[in-house]
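Chemist: Sequence below, structure please.
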Amino acid sequence: MTTKTWLAGALAAAGAMLAAGAAHAQAANELVVWHAYRGAEKAAFEKVVGMFEKSPGAKGMKVSTLAIPYDAYADKISAAVPRGKGPDLFIYAQDRLGGWIEAGKTVEPIDFFIDKATRDSLLPGMLGAMTYKGGVYGLPINYKSTTLIYNKDLVKTPPKTTDEMVKLAKTLTNAQSGRYGLAYWYTNFYFHSALMNAFGGAVFDKDGKLTVDSPATVASLNQMMTWYKKDGIMPTEPSEALIASMFNEGKAAMVINGPWFVGDIDKKINVGFAMLPIVDAAKKPMRPWLTIEGAYVAASSGKKDAAYELAKYLTSLEAGLVLAVEGRQLHTNKAVYNDPRVSGDPVLKAFRDQLDNAEPMPNRPEMTMVWSPATTAMNKIVKGNASVEAALKEAAGTMQDSIAALRKTK
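Modeler: Sure, this is the predicted structure:
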């Protein structure tokens, strides 16, 4: 894409946003919703919005939806909503929630709105991801995590433990021909979370203290390095594109990835799914991070009651079935999984099963200071440029400096 083309697209997107904001200001019976869905997810979401408009809860309200490119989405929310130029309702994962709450004038607390029936309808732990400092700020709509995805032609029985996984992966690895038993983006901190959590590691403790360089996190990285260096079951310089290519060429027998990866799998692959294995060294299962998308009422909205009604409708069984069956989303309404169209879907079932061994990604504002230093540390470790302990200590120092600077600006 040329700079000129990109600029034209950016100006068009900005124009669309301004138009949406103008329409929002002009129409008394209109709700404006921002999201970042594409393809089947977008079509299913727009169908559900149309269903809401016909429901009693809408009270004649019309809904305008605006799909925003994901890469620019968070910044647009941060810039527009506090100035009253944004939507009435927006949808985003929980990782930015704490930052928006601390910044103010972005997300409306909704404790007052939530009734018992809505709370009881949700899968366990989902509402917790929408909670910050004791207050609830959104309704959870869907969730994502990683799980074990494997080639059934190469793996007859998926491993239940990591010792089994390593033993099996060794029989399926031939580095000279570029074949590996296991492939995942192990230099990416998000993907590493499943192993870190198994060992009891965490980015922050319950009081918000940074603990990323704890002995538990060190142990988890040492385990990863054993798989990579000693056991030799994983490819060098992993990336999403490389892993997809290897899996589709039959050169990766097992991968650790999320539902977004499923669309990249070639139809010729006899694909299977299983829960991530128990880590023998930790005696606990791998526990990947959950990213949970919530619907948030914008603090600047003049139609908060109506915006909440839409958010509530998005969590309903009626909406959930459309979002799950047609949009292939992992919905948060627990009754959705009683429907045979959902329970019989191997992809939806696999990630619902993994939910039992998963935990929400931290939603603290300091989380944004974690990613870059963690990535640098993991790459140094894998390339042999620093020991696990030294790399984590350096990363923690960088994170702490950034966190301290963030807190000084408040």
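Chemist: mind listing what the closest residue to residue 379 other than its chain neighbours touches?
Modeler: Leaving aside its sequence neighbours, residue 379 sits nearest to residue 187 (CB to CB, 6 or more residues apart in numbering; 5.6 Å). C-beta coordinates here come from the backbone N, C-alpha and C atoms, glycine included. Residues near residue 187 by CB atoms under 8 Å, 6 or more residues apart in numbering: 237, 238, 375, 378, 379, 382.
Chemist: how close does residue 187 get to residue 377?
Modeler: 10 Å (CB to CB, to the nearest Å).
Chemist: now do residue 139
Modeler: 35 Å.
Chemist: what about residue 34, which SS state?
Modeler: strand (DSSP: H, G, I helix; E, B strand; the rest coil).
Chemist: Do you have the strands of the protein handy? List them.
Modeler: In the chain, strands defined by DSSP state E lie at 30-35, 62-67, 89-93, 131-132, 135-136, 139-144, 147-151, 180-183, 252-257, 271-274, 278-279, 284-285, 289-297, 359-360, listed in chain order.
Chemist: Partner strands of the first one, with direction?
Modeler: The pairing partners recorded for strand 30-35 under DSSP bridges are strand 62-67 (parallel), strand 89-93 (parallel).
Chemist: Please enumerate residues in contact with that strand?
Modeler: 20-21, 23-24, 42, 45, 49, 61-68, 73, 76-77, 86-91, 303, 306-307, 310.
Chemist: Just the buried residues of those.
Modeler: 20-21, 24, 45, 49, 61, 63-68, 73, 76-77, 86-91, 303, 306-307, 310 (16 or more other CB atoms under 10 Å).
Chemist: Name whatever forms a beta bridge with the residue sitting nearest the centre point of the chain.
Modeler: With distances taken as CA atoms, centre = their mean, the residue of the chain nearest its centroid is residue 291 (2.9 Å). Judged by DSSP bridges, the bridge partners of residue 291 are residue 144.
Chemist: about what we covered before: mind checking the strands of the chain for the one nearest to residue 371?
Modeler: Proximity to residue 371 (CB to CB) singles out strand 289-297 among these, at 12.2 Å.
Chemist: Send me the closest one as PDB with only the CA atoms.
Modeler: C-alpha atoms of strand 289-297 as PDB (Å, rounded to 0.1, in the frame of the first residue of the first chain):
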ATOM      1  CA  TRP A 289      -4.700 -15.600  28.900                       C
ATOM      2  CA  LEU A 290      -8.300 -14.800  28.000                       C
ATOM      3  CA  THR A 291      -9.000 -11.700  26.000                       C
ATOM      4  CA  ILE A 292     -12.600 -10.800  26.700                       C
ATOM      5  CA  GLU A 293     -14.400  -8.300  24.500                       C
ATOM      6  CA  GLY A 294     -16.900  -6.000  26.400                       C
ATOM      7  CA  ALA A 295     -19.600  -3.600  25.400                       C
ATOM      8  CA  TYR A 296     -18.900  -0.200  27.100                       C
ATOM      9  CA  VAL A 297     -21.200   2.700  27.500                       C
END
